[in-house]
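> Any chance you can model this:
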Amino acid sequence: MGQAVESDLVERLLDGEHRALARVITKIESQSPGYRDIVSEIHAHTGHASVVGITGSPGAGKSTLVDKLAKFYRDQGETVGVIAVDPSSPYTGGAVLGDRIRMASNVGDMDVFFRSMSARGQLGGLSTATADAVKALDAFGKDRIIIETVGAGQNEVDVVKTADTVVVLVQPGSGDDVQMLKAGILEIGDVFVVNKADMEGASRTVAELEEMIHLRDDPRAKLDMGHHGAEAMGDHHGHGEHTDDDQDDEPEPDPVWTPQVVETIATTGEGIDELVETLSDHYTYLAESGELDEKARQRAAEEIRQLLRSDVNRLLERELDDRGGIDDFASAVVDKETDPYAVTEDVLEPLRECLEDRDD
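Okay, here's the model as predicted:
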């Protein structure tokens, strides 16, 4: 595909053509020639959508919850883009997980764009591909973008971290889910949803989550700040409130978000309105505290690092092939003709010399 054709595709995407959007995401996922030029062109048109990442163990009801969330936003007149990510699946393009069934409340609604994405052998690259797909949806003009992961492993965690707000779904009475949270995903959750709240053990699961959040947070975040996380900012405008005269001279503490626990029954839609309100509270906190801009900077820095690692690795693989391949070096190391450090220095020397010559 030539530059002119790529620019035409971008133009059609920016004009709101769904077919162009689908083609762009396919190119991003498959890393087709020219996809980077496309992402570069649309970059200036991004930054308007709010992005929510939803993760949790299989069976927690993520797909049903995403469906109901999308319907809620559509009922408010907002457009929605959904990316369902399965790092383990070799398939791509949509229908593998029964997309139309999973988004049953939004069938036939052109303002809800749903797309499945898979790893396609991209070790560590799925988060970058997802972030690029989010950019395509953002540039297209979607108001709300939801990233849904199939599971809750490290790859999925890396993916949802590309979102503004991370929602973690937990199933009632599931000791495994709580243990999973203790293993690390608790650290990235902004909102925790106990779905299927009509099941036995829901109240206990809520209590366990609230206790874990209490233990996780620093002392300032452990203060009693009420039910809604936005109250951790003092009021909805991010300004603290003075309660005693003797505190008037003390500087106001920086706003702190206390992760919230929300109960839902996604199959009936119960609790969705409270979840949407909590997501809105968190976005308000991000915007008014400066965290939204800081998160964007952190994501950009990580994206640059990821691309550099990927591209440099590709260059080094080519250098290894030009020198006979990794197997020859490995055999030489095993035969004690050299060692891994010496091989590394030897292979990196041309690159190092190039960079040093540029600095001179």
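
> For the rest of this, base every contact and every neighbour count on C-alpha atoms.
OK.

> what about the closest residue to S127 other than its chain neighbours, distance to G53?
Taking CA to CA, 6 or more residues apart in numbering, and ignoring the residues beside it in sequence, S127 has V159 as its nearest neighbour in space, at 4.5 Å. With distances taken as CA to CA, to the nearest Å, V159 is found 8 Å from G53.

> now do R314
Distance of R314 to G53, computed by CA to CA: 30 Å.

> So between those two, which is more surrounded?
G53 (26 against 12; other CA atoms under 10 Å).

> packing partners for the helix or strand that that one is a member of?
For G53, the host element (DSSP states H and E) is strand 50-56. Contact here means 3 or more CA pairs under 8 Å, 6 or more residues apart in numbering; DSSP states H and E; on that basis strand 50-56 packs against helix 62-75, strand 144-149, helix 154-160, strand 165-170.

> what lines up beside that strand in the sheet?
Next to strand 50-56 in the sheet, as set by DSSP bridges, lie strand 144-149 (parallel), strand 165-170 (parallel).

> can you dump the C-alpha coordinates of it into PDB?
Extracted C-alpha coordinates of strand 50-56, given in PDB (Å, rounded to 0.1, in the frame of the first residue of the first chain):
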ATOM      1  CA  SER A  50     -12.300   8.400  27.900                       C
ATOM      2  CA  VAL A  51     -10.900   4.900  28.000                       C
ATOM      3  CA  VAL A  52     -11.900   2.200  30.500                       C
ATOM      4  CA  GLY A  53     -10.000  -1.100  30.900                       C
ATOM      5  CA  ILE A  54     -12.000  -4.100  32.300                       C
ATOM      6  CA  THR A  55     -10.200  -7.200  33.500                       C
ATOM      7  CA  GLY A  56     -10.900 -10.200  35.800                       C
END
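
> Compute the inter-axis angle for that strand and helix 62-75.
Following axes from the mean of the first three to the mean of the last three CA atoms, to 10 degrees, one obtains 160 degrees for the angle between strand 50-56 and helix 62-75.

> Show the average pLDDT along strand 50-56.
In this model, strand 50-56 carries a mean pLDDT of 92.

> That strand: which residues count as buried?
50-56 (16 or more other CA atoms under 10 Å).

> can you check stretch 160-175 too?
160-173.

> Run the chain-centre distance for stretch 30-40.
Counting by CA atoms, centre = their mean, to the nearest Å, stretch 30-40 is centred 20 Å from the centre of its parent chain.

> which stretches of this protein have low pLDDT?
By pLDDT under 70, the low-scoring segments of the chain are 1-2, 87-109, 119-125, 151-153, 155, 174-184, 217-252, 359-360.

> got the domain boundaries for it?
The chain breaks down by automatic domain parsing into domains covering 47-239+251-289, 307-359.

> isn't G53 right next to V166, touching?
Yes: under the criterion of CA atoms under 8 Å, G53 is in contact with V166, at a separation of 4.8 Å.

> Overlap of the contact sets of the two?
Where contact means CA atoms under 8 Å, 6 or more residues apart in numbering, the residues bridging G53 and V166 through contact with each are V160.

> Next, count neighbours for G290.
G290: 11 surrounding residues under other CA under 10 Å.

> same deal with the one 10 residues further on?
Close neighbours of A300, defined as other CA under 10 Å, add up to 13.

> what element comes up after the strand or helix carrying it heading to the C-terminus?
A300 is part of helix 291-322 when elements are defined by DSSP H and E. The element immediately downstream of helix 291-322 (helix or strand, assigned by DSSP H and E) is helix 326-334.
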